[in-house]
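Undergrad: Generate a structure from the sequence data that follows.
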Amino acid sequence: MGGAMAGTDEGGPRCLVTGATGYIGGRLVPVLLDAGHRVRCLARTPAKLRDHPWAGSVEVVRGDVTDADSVRAAMRDVDVAYHLVHALGSGGDFEEIDRRAAQIFAEEAAAAGVRRLVHLGGLLPAHVPEHELSPHLRSRAEVGRILLESGVPTAVLRAAVVIGSGSASFEMLRYLTERLPLMVTPSWVRTAAQPVAVRDVLRYLAGCADLAADVHRVFDIGGPEVLTYREMMVRYAAVAGLPRRLILPVPMLTPRLSSLWIGLVTPVPAMIARPLAESLRHEVTCREHDIARYVPDPPGGLVPFDEAVRLALRRVRDAAVATRWSSVSVPGAPSDPLPTDPGWAGGSLYVDRREAPVNAPPEALWKIIEGIGGEHGWYSFALAWGLRGGLDRLAGGVGLRRGRRDAHRLRVGDTLDFWRVEEIEPGRLLRLRAEMRLPGAAWLELVVARGPDGGLVYRQRAVFHPHGLLGQAYWWGIAPMHALIFGGMARNIARAAERTTG
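TA: This is a model prediction of the structure:
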């Protein structure tokens, strides 16, 4: 997969990125490419990178950071090596795995003549002995120390909460705030931290590729504000348009108990949530901002917390959810989702998928799809659709009264009962965005496709992005009706297409 590093010896430094299938690594690669650098990615499963839009512009080599031979091969002819792997959530002894990986990385980099190492670790609390740190922070500190002792000029960046869709810390914040209007929380919600936007983190990391050889040190990196976790939740709710959250700290909720509580409330895996929760008991703020001497802050300054949250939420709010649930995946900013993000990242996105074989020509199926709504109806449980339209009108919404512009043809932007045409590919795809009153955002996608055996298939997906607890309750409240409404719709559209050619 991928070819040799793009270009010849001309151009920027050759960069090795480990952790390219992870949150930071996958977002750093395009930033390095945009800066004119040549990039090689080390991945245990190269196939995971094939759907990235930059996959054809990098060299991808198979290997594991705990295997010296594969790391040695990956280090060949490299100028700058990024250590962005972390075994947190691997299910094993992550401290031992991280220690061994760092030692191999440091030794092989020195042997290969790499001129610079760059590592992203965790911001450490002041005046706390290392043995009293949480296992997560203790491991981050140890990895940074191993790399600094490698003999290779090293920049270790230390960040606290990274604000961006896909960051484990941010996803914990997102789910806790969205799902709990009243929160009985651990005392660590009063702990101060210095959150930083992912785009600032990436700018610092990319800038480190050009540091002079005499720069060999740790840098604290953070955003422009120091906030408690409670303040972050309150401000997240405000940016997301949620009612103000009532937060009641309870001292007896230990980090272990609170991690179990996080596991109940959020989809973030417990093996990740627990180490992160344990780390929150210490205040983590920057003690210096020396990085700005080498990688200057942008003219407008660092991204404030509220703007960082707004960027992280933008993707779904702007209806560009195609990167999460269709075959298209072209992320355009660090806040956008990536194909390698874990399933629990990006907030709740519920999907109802239906499929039905169709014994008819594709044109017949597309005719039914493009003619949906208005006088033709929605091909299932007309009473339920009518009731939903009536309730929408009572709530001040558009209801079903708008019908459609043309009985047979649709175009992007057309209104269709209480939907709007968001995307149309004639003969293949129709995507509608809901405009009825909802505690969230909803889409309906209707597709003409081919099955594994080559036969014609009708595929249908209803997607819902809930807004707060009311959105969660709405989805699960109507879930028992899905088989009747969406299942019946798929079957009846397939039958309607078949009847036109019968």
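
Undergrad: Any stretches of the stretch 101-250 of the chain with poor pLDDT?
TA: The stretch 101-250 of the chain contains residues with pLDDT under 70 at 181-188, 249-250.

Undergrad: swap the cut-off to 90 and go again
TA: Residue ranges of the stretch 101-250 of the chain with pLDDT under 90: 122-140, 160-161, 164-192, 228-230, 233-234, 240-250.

Undergrad: Spell out, range by range, the helices that occur in it.
TA: With DSSP state H, counting those that start in this stretch as the criterion, the stretch 101-250 of the chain has helices at 135-148, 168-179, 198-207, 229-240.

Undergrad: The shortest one to helix 168-179, inter-axis angle?
TA: Taking axes from the mean of the first three to the mean of the last three CA atoms, to 10 degrees, one finds helix 198-207 and helix 168-179 inclined to each other by 170 degrees.

Undergrad: Show me what helix 198-207 is packed up against.
TA: If contacts are counted by 3 or more CB pairs under 8 Å, 6 or more residues apart in numbering; DSSP states H and E, helix 198-207 sits against helix 23-34, strand 116-122, strand 154-159, strand 162-163, helix 305-317. Heads up, the C-betas are built off the backbone N, CA and C, glycines and all.

Undergrad: ok, now with 10 Å
TA: The contact analysis (3 or more CB pairs under 10 Å, 6 or more residues apart in numbering; DSSP states H and E) places helix 198-207 against helix 23-34, strand 80-83, strand 116-122, strand 154-159, strand 162-163, helix 291-294, helix 305-317.

Undergrad: List the pairing partners of the shortest one within its sheet, with orientation.
TA: Meaning strand 162-163. According to DSSP bridges, strand 162-163 forms sheet pairs with strand 196-197 (parallel).

Undergrad: quick one: the partner strand to chain centroid distance?
TA: Here strand 196-197 is found 15 Å from its chain centre; the criterion is CA atoms, centre = their mean, to the nearest Å.

Undergrad: cool, and stretch 453-462?
TA: 28 Å.

Undergrad: tell me the average confidence for that stretch?
TA: For stretch 453-462, the mean pLDDT works out to 93.

Undergrad: What's the separation between the spatially most central residue of the chain and P362?
TA: In the chain, the C-alpha nearest the mean C-alpha coordinate belongs to G166, at 3.2 Å (CA atoms, centre = their mean). Noted for G166: a distance of 37 Å to P362, by CB to CB, to the nearest Å.

Undergrad: so can I have CSV of the helices of the stretch 101-250 of the chain showing mean neighbour count?
TA: Shown next, in CSV, are those (neighbours: other CB atoms under 10 Å):
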stretch, mean neighbour count
helix 135-148, 21
helix 168-179, 22
helix 198-207, 23
helix 229-240, 19
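
Undergrad: tell me the contacts of V161?
TA: By CB atoms under 10 Å, 6 or more residues apart in numbering, the contact set of V161 is 122-123, 167-170, 172-173, 193-196, 222-223, 227, 229, 232, 276, 279-280, 284, 305, 308.

Undergrad: and with 8 Å instead?
TA: 167, 169-170, 173, 193-196, 232 (CB atoms under 8 Å, 6 or more residues apart in numbering).

Undergrad: Same check on L28?
TA: 17, 82, 84, 202, 205-206.

Undergrad: do you know which of the helices of the stretch 101-250 of the chain lies nearest G386?
TA: G386 lies closest, by CB to CB, to one member of these: helix 168-179, at 31.4 Å.

Undergrad: Quickly list the domain ranges of the protein.
TA: 14-325, 350-499 (automatic domain parsing).

Undergrad: Tell me which of those domains is the most buried.
TA: Of those, the one with the most neighbours on average (mean count of other CB atoms under 10 Å) is domain 14-325, at a mean of 19.

Undergrad: Relative to the whole chain's centre, how far out is that domain?
TA: With CA atoms, centre = their mean, you get 13 Å for domain 14-325.

Undergrad: Now for the nearest residue to A213 once chain neighbours are set aside: which residues touch it?
TA: Distance criterion CB to CB, 6 or more residues apart in numbering; nearest residue to A213, sequence neighbours excluded, is P153 at 5.1 Å. P153 makes contacts with 115-117, 211, 213-216, as judged by CB under 8 Å, 6+ apart.

Undergrad: And P153, its phi and psi?
TA: For P153, the backbone dihedrals (degrees, to the nearest 10) come out as phi -50, psi 130.

Undergrad: Equivalent analysis for A68, please.
TA: phi -60, psi -40.

Undergrad: I figured it was touching E108, is that so?
TA: Yes. Assessed by CB atoms under 8 Å, A68 is found in contact with E108 at 6.4 Å.

Undergrad: and for these two, which residues touch both?
TA: In terms of CB under 8 Å, 6+ apart, A68 and E108 are not both contacted by any residue.

Undergrad: about what we covered before: make JSON lines out of the contacts of V161 and add distance to A102.
TA: Output for the contacts of V161, formatted as JSON lines (distance: CB to CB, whole Å):
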{"residue": "S167", "distance to A102": "22"}
{"residue": "S169", "distance to A102": "21"}
{"residue": "F170", "distance to A102": "25"}
{"residue": "L173", "distance to A102": "28"}
{"residue": "A193", "distance to A102": "25"}
{"residue": "Q194", "distance to A102": "25"}
{"residue": "P195", "distance to A102": "26"}
{"residue": "V196", "distance to A102": "23"}
{"residue": "M232", "distance to A102": "30"}
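
Undergrad: quick one: which of these is nearest to L394?
TA: When those are compared against L394 (criterion: CB to CB), the nearest one is L173, at 35.5 Å.

Undergrad: show me what contacts that closest one?
TA: 161, 229, 232-233, 236.

Undergrad: now those residues in JSON lines, with distance to L349?
TA: Output for the contacts of L173, formatted as JSON lines (distance: CB to CB, whole Å):
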{"residue": "V161", "distance to L349": "22"}
{"residue": "Y229", "distance to L349": "25"}
{"residue": "M232", "distance to L349": "22"}
{"residue": "M233", "distance to L349": "21"}
{"residue": "Y236", "distance to L349": "18"}
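
Undergrad: Sketch out the low-pLDDT regions of the stretch 401-502 of the chain for me.
TA: For the stretch 401-502 of the chain, the stretches with pLDDT under 90 are 401-423, 433-442, 451, 463-486, 500-502.

Undergrad: tell me the SS of K48?
TA: helix (DSSP: H, G, I helix; E, B strand; the rest coil).

Undergrad: any idea whether the nearest residue to it once chain neighbours are set aside is helix, strand or coil?
TA: Ranked by CB to CB, 6+ apart and with sequence neighbours excluded, the top spatial neighbour of K48 is T21, at 4.8 Å. With three-state DSSP as the basis, T21 sits in coil.

Undergrad: and the end-to-end length of stretch 158-166?
TA: This stretch, stretch 158-166, spans 18 Å end to end (CA to CA, to the nearest Å).

Undergrad: Also stretch 215-224?
TA: 24 Å.

Undergrad: Can you pull out the residues in contact with that stretch?
TA: With contact meaning CB under 8 Å, 6+ apart, stretch 215-224 is reached by 123, 144, 148, 153-160, 163, 194-197, 200-201, 204, 285-291, 294, 301-305, 308.

Undergrad: So for stretch 289-296, mean pLDDT?
TA: Here the average pLDDT along stretch 289-296 is 96.

Undergrad: Can I get stretch 26-39 in CSV? Just the C-alpha atoms.
TA: Taking C-alpha atoms only, stretch 26-39 is exported to CSV below (Å, rounded to 0.1, in the frame of the first residue of the first chain):
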residue,chain,number,x,y,z
GLY,A,26,-4.0,10.2,11.6
ARG,A,27,-4.6,13.9,11.8
LEU,A,28,-0.9,14.9,11.8
VAL,A,29,-0.1,13.1,8.5
PRO,A,30,-1.9,15.5,6.2
VAL,A,31,-0.5,18.5,8.1
LEU,A,32,3.0,17.2,7.5
LEU,A,33,2.2,16.6,3.8
ASP,A,34,0.8,20.1,3.5
ALA,A,35,4.0,21.4,4.9
GLY,A,36,5.9,19.7,2.1
HIS,A,37,7.3,16.9,4.2
ARG,A,38,7.6,13.3,3.0
VAL,A,39,5.8,10.8,5.3
